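Student: Fold the following for me, if possible:
(one chain, ligands or ions: 1)
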Amino acid sequence: MNKLTIDDKAQVAKELLKEIRDLHTKGESLRFMEVCGTHTVAIFREGLRSLLPDGIELVSGPGCPVCVTDQVYMDKALAYAKREDVVLATFGDMLKIPGTEGNLWDAKTAGASIEVIYSPFEVLELGRKYPDKKIVFLAIGFETTIAVIAATIKAVAQEGLTNVFFLVSHKLVPPALKALLDQKEGQIDGFLLPGHVSVIIGEKPYQFLADDYHMPGCIAGFDGIEILSAIVDLLRQRKTQHFYVGNQYKSVVAPKGNPQALALMDELYEPIDDTWRGIGTIPKSGLALKGPYVQFDVEKQVPLGHIGPTIPPKGCQCGRVLQGLIRPDQCPLFGKACTADHPVGACMVSVEGACAAWYKYGRSSGGLVWEE
Ligand code: SF4
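Tutor: Model prediction:
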């Protein structure tokens, strides 16, 4: 696909759009959820919403790892950051996520030891550099990131570092999809399944969508043609009433995923019920370190004690946005009290957040080259 010229791609896109129109029954209202935040951004960048027929709506889902991280977790992160004996290590997009009493950026400005890192493996260097401190890494993310963090924890264990710990809040995508389908509110008619997560888990963990819910799902890549192809796949499944896990990202996603990464995750973690921001507790949707790896769980090894009540930002509708129940611009604070410069909720902070994407690109962002 990469070898196609822009003109070739425009032609393929036109054909896919025609197929979408042919498969869509006029007057039928369909809501397809793009689960992944990177898809949300790609859909805006490629101007796909404006090219789809009336009646097909793309709805953002819970696929932004920073956005779904519960506020209690942020409050714990702040509490660790404020300890004299701790150096907190984190990816940069966590700094501005609101906690009950400010964010990590505020804490850093006030003198807390917070290191922004770009790869989890940098915690090894921090562990060596600050032997008298406890290094606490904010271990959040979906299956894609979990595999890398698991490899990091193994490396810490192999090196024998005893001052490196992990504040774990990993989230698993398939249980979240099940929870969305079990909720009484909202309408979802198919899932554009996340490309990066599927590289790790493969196709099988989504099979319950077809078997138990007769719900179309299709793994999608991130360029316009891959996303349009996945939408065609969803429509075709609906039309034929033959449901399966579609894969329009076969060049990258193997049916069985990445067995080595899955084995590593299985060695280090066990599933637990976990809380998602604004959504609540979803059964078996998180992971906890198990066996000998519990020694790296900061909550077990360096307990915080009482940290005070968690108070969510007033009026923020992140939970409803993440469940696809409202569009970001239907939140009363969107673009008024809540902007990219002054975010109220996590969904406006992260680059993968639905509110941030809607704020940056807007509903009317045009297509790049595919005008019909
Ligand atoms: S616009 Fe702001 S306040 Fe509203 S849901 Fe999004 S992040 Fe929360």
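Student: wait, is Glu115 part of a strand?
Tutor: Yes - the assignment for Glu115 is a strand, going by DSSP: H, G, I helix; E, B strand; the rest coil.
Student: Is it bridged to anything, and to what?
Tutor: With DSSP bridges applied, Glu115 shows beta-bridge pairing to Ala89.
Student: can you pull the contacts of it?
Tutor: Contacts for Glu115 (C-beta atoms under 8 Å, 6 or more residues apart in numbering) come out as 87-90, 122, 126. For glycine as for every other residue, the C-beta is placed from the backbone atoms N, C-alpha and C.
Student: what about it, distance to Phe166?
Tutor: Distance from Glu115 to Phe166, counting by C-beta to C-beta, to the nearest Å: 14 Å.
Student: The residue in the stretch 251-372 of the chain positioned nearest to the ligand: neighbouring residues, count only.
Tutor: Among all residues of the stretch 251-372 of the chain, Gly345 sits closest to the ligand, at 2.7 Å; criterion: C-beta to the nearest ligand atom. Counted with other C-beta atoms under 10 Å, residues neighbouring Gly345 total 28.
Student: got it, and Lys18?
Tutor: When neighbours are counted by other C-beta under 10 Å, Lys18 comes out with 12.
Student: Wasn't it part of a helix?
Tutor: Yes - according to three-state DSSP, Lys18 belongs to a helix.
Student: Need the per-residue pLDDT for it.
Tutor: As predicted, Lys18 sits at a pLDDT of 97.
Student: In the stretch 51-200 of the chain, mark out all the helices, start to finish.
Tutor: Under the criterion DSSP state H, counting those that start in this stretch, the stretch 51-200 of the chain contains helices at 65-68, 71-81, 104-109, 122-129, 143-159, 173-182, 195-201.
Student: Over the fourth one, what's the mean pLDDT, rounded is fine.
Tutor: So the one you mean is helix 122-129. In this model, helix 122-129 has a mean pLDDT of 98.
Student: Other residues contacting that helix?
Tutor: With C-beta under 8 Å, 6+ apart as the contact definition, helix 122-129 has outside contacts at 87, 89, 115, 117, 135, 137, 152, 155-156, 159, 161, 163-164.
Student: of those residues, list those near the ligand.
Tutor: Counting by C-beta under 6 Å from any ligand atom, nothing from these sits close to the ligand.
Student: Now the buried members of those.
Tutor: The neighbour count (16 or more other C-beta atoms under 10 Å) marks 87, 89, 115, 117, 135, 137, 152, 156, 161, 163-164 as buried among the contacts of helix 122-129.
Student: Could you export those residues as TSV, including pLDDT?
Tutor: Below are the buried ones among the contacts of helix 122-129 laid out as TSV (pLDDT from 0 to 100):
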residue	pLDDT
Val87	98
Ala89	98
Glu115	97
Ile117	97
Ile135	98
Phe137	98
Thr152	98
Val156	98
Leu161	97
Asn163	98
Val164	98
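Student: any idea which of these is closest to Arg49?
Tutor: Distances from Arg49 to those, taken as C-beta to C-beta, are shortest for Ile117 (35.0 Å).
Student: So which bits of the protein are right by the ligand?
Tutor: So far as C-beta under 6 Å from any ligand atom goes, the chain lies against the ligand at 316-318, 321, 328, 331, 333-334, 338, 344-345, 347-348, 355.
Student: Swap in 8 Å and give it another go.
Tutor: 313, 315-318, 320-321, 328, 331-335, 337-338, 343-349, 353-355, 359 (C-beta under 8 Å from any ligand atom).
Student: Of those residues, which belong to helices?
Tutor: Counted as lying in helices by DSSP state H, out of the residues of the chain next to the ligand, are 318, 320-321, 354-355, 359.
Student: which of the residues in stretch 121-135 are buried?
Tutor: Buried, per 16+ other C-beta under 10 Å, within stretch 121-135: 122-124, 126-127, 130, 133-135.
Student: ditto for stretch 281-291
Tutor: By neighbour count, with 16+ other C-beta under 10 Å as the criterion, the buried positions of stretch 281-291 are 282, 285-289.
Student: Give me the residues contacting it.
Tutor: With C-beta under 8 Å, 6+ apart as the test, stretch 281-291 has contacts from 146, 153, 166, 168-172, 175-176, 179, 265, 268-276, 296-297.
Student: and it, what's its mean pLDDT?
Tutor: On average, stretch 281-291 scores 97.
Student: same question, stretch 61-81
Tutor: 94.
Student: hmm, back to that, from the ones in helices among the residues of the chain next to the ligand, pick the one nearest His214.
Tutor: Nearest member of these to His214, counting by C-beta to C-beta, is Arg320, at 25.3 Å.
Student: Ile279 is in contact with the closest one, correct?
Tutor: No - between Arg320 and Ile279 there is no contact under C-beta atoms under 8 Å: 9.1 Å.
Student: can you count the residues close to the closest residue to Val148 other than its chain neighbours?
Tutor: In space, and not counting its chain neighbours, Val148 is closest to Pro120: 5.7 Å by C-beta to C-beta, 6 or more residues apart in numbering. Here the count is done by other C-beta under 10 Å, and Pro120 has 23 residues near it.
Student: what residues are up against Pro120?
Tutor: By C-beta under 8 Å, 6+ apart, Pro120 lies in contact with 137, 139, 148-149, 152.
Student: Report the two of these separated the most.
Tutor: Based on C-beta to C-beta, the longest span within the contacts of Pro120 runs between Phe137 and Val148 and measures 11.6 Å.
Student: returning to what we had before: go through the contacts of helix 122-129 and name the one nearest Leu192.
Tutor: Nearest to Leu192 among these, with distances taken as C-beta to C-beta, is Thr152, at 29.7 Å.
Student: The ligand versus the closest one, what's the distance?
Tutor: Distance, Thr152 to the ligand, by C-beta to the nearest ligand atom, to the nearest Å: 30 Å.
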